[in-house]
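[1] Okay, sequence plus prediction incoming.
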Amino acid sequence: MSRIARALTVAGSDSGGGAGIQADLKTFQELNVYGMSAITAVTVQNTLGVTNVYPLPSEATSEQIEAVGSDLGVDALKTGMLFSADIIEAVADQIRAFSWTQVVVDPVMVAKGGASLLQPEAVRALREVLLPLAYIVTPNLPEAEVLSGLSIRTLEDRREAAKRICAYGARQVVIKGGHADESGDRIVDLYYDGEAFTELVGRRIPTRHTHGTGCTFSAALTAELAKGALALDAVRTARAFIQAAIEQGLELGQGHGPTNHFAYRRLLGASR
Ligand SMILES: Nc1ncnc2c1ncn2[C@@H]1O[C@H](COP(=O)(O)OP(=O)(O)O)[C@@H](O)[C@H]1O
Ligand SMILES: Cc1ncc(COP(=O)(O)OP(=O)(O)O)c(N)n1
């Protein structure tokens, strides 16, 4: 029997289960990948927002990574909410120590409700310490603006931002389009591999239940890389996974509800 693919998420806990560690592990499981976690912070959170953040000491995150890396093994890993420069440095040290290359960096900064999930002074560490270790980085539009230092209005601005982000050392970038022109009926995620651009165009679903879309997208991408997919194929599967998860929403909670992590598997089952 061939060994199951293994993925690690280094991220914060979302008590509401729609984003963070919980979304990542659900997504890994749905894509037949063995999931592991190193928690960076505990958030008190539901669909109405984040009411408190309890960061762990950076040693706690570092030791969790060491524990799983030295025993179970990791085929691909993703980072989500890292909160502080200390935690970013500790995560980067472990990535280098294990010589991991399949690294997806989701540069989580602010939750949809507006709560800050990254200290402002940690942006420099994210850009200068973690981006050079990233195989793929997956900013949303506001995060791409912070990382690139550009104000992004047009598709051409996105292309320039992608180039600047890759110039920090990330091998590839996907600038997600969820925050653009929310009245429109299409969404463009822009993929750049350091040489060429690919636009992934999808149908925008009119819903408020989009909590954790970025976490779920980057977790699906990580799971596919863990299984050996090529980068652009992994991005396409991640797009299909999040599209299904939003389309078949669960209608939970009073605010921005979670997506449906079961939906993609059911869709595949139905098409067989
Ligand atoms: N309303 C929507 N309909 C379809 N896809 C969406 C919608 N909102 C976000 N997405 C997709 O979800 C993923 C995450 O996008 P985005 O919301 O921009 O990230 P984040 O959650 O990090 O802010 C992207 O692939 C994007 O295209
Ligand atoms: C613990 C935790 N991590 C990350 C996020 C942000 O998740 P994201 O996928 O960007 O979705 P929104 O929260 O922006 O809807 C989070 N909220 N909590």
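    Happy to help now that I have it. Numbers count the residues shown, from 1 in each chain. Ligands and ions are numbered 1, 2, ... in the order given.

[2] Show me where the chain has its helices.
    20-30, 58-71, 85-98, 123-125, 141-148, 155-167, 213-226, 231-247, 263-271 (DSSP state H).

[3] Grab the CA positions of the second one and hand them over as PDB.
    Listed next in PDB are the C-alpha coordinates belonging to helix 58-71 (Å, rounded to 0.1, in the frame of the first residue of the first chain):
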ATOM      1  CA  SER A  58       6.900  31.200  19.700                       C
ATOM      2  CA  GLU A  59       8.600  28.200  21.400                       C
ATOM      3  CA  ALA A  60       5.200  26.400  21.600                       C
ATOM      4  CA  THR A  61       4.700  26.700  17.800                       C
ATOM      5  CA  SER A  62       8.300  25.700  17.100                       C
ATOM      6  CA  GLU A  63       8.100  22.600  19.400                       C
ATOM      7  CA  GLN A  64       4.900  21.400  17.700                       C
ATOM      8  CA  ILE A  65       6.500  21.700  14.300                       C
ATOM      9  CA  GLU A  66       9.600  19.900  15.500                       C
ATOM     10  CA  ALA A  67       7.500  17.100  17.100                       C
ATOM     11  CA  VAL A  68       5.500  16.300  13.900                       C
ATOM     12  CA  GLY A  69       8.400  16.900  11.500                       C
ATOM     13  CA  SER A  70      10.800  14.600  13.300                       C
ATOM     14  CA  ASP A  71       8.300  11.800  13.600                       C
END
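
[4] So which bits of it are buried?
    S58, T61, S62, Q64, I65, V68, G69 (16 or more other Cβ atoms under 10 Å). Using the backbone N, CA and C atoms, a C-beta is placed for each residue, glycine as well.

[5] so which of the helices of the chain gets nearest E195?
    Taking Cβ to Cβ, helix 155-167 is the member of those nearest to E195, at 9.6 Å.

[6] and which of the buried residues of helix 58-71 is nearest A11?
    T61 (9.7 Å).

[7] does that closest one really touch A92, like I thought?
    No. T61 is beyond contact range of A92, at 11.2 Å (criterion: Cβ atoms under 8 Å).

[8] hey, which of the helices of the chain is tucked in deepest?
    Highest mean neighbour count among the helices of the chain (mean count of other Cβ atoms under 10 Å): helix 213-226, with a mean of 29.
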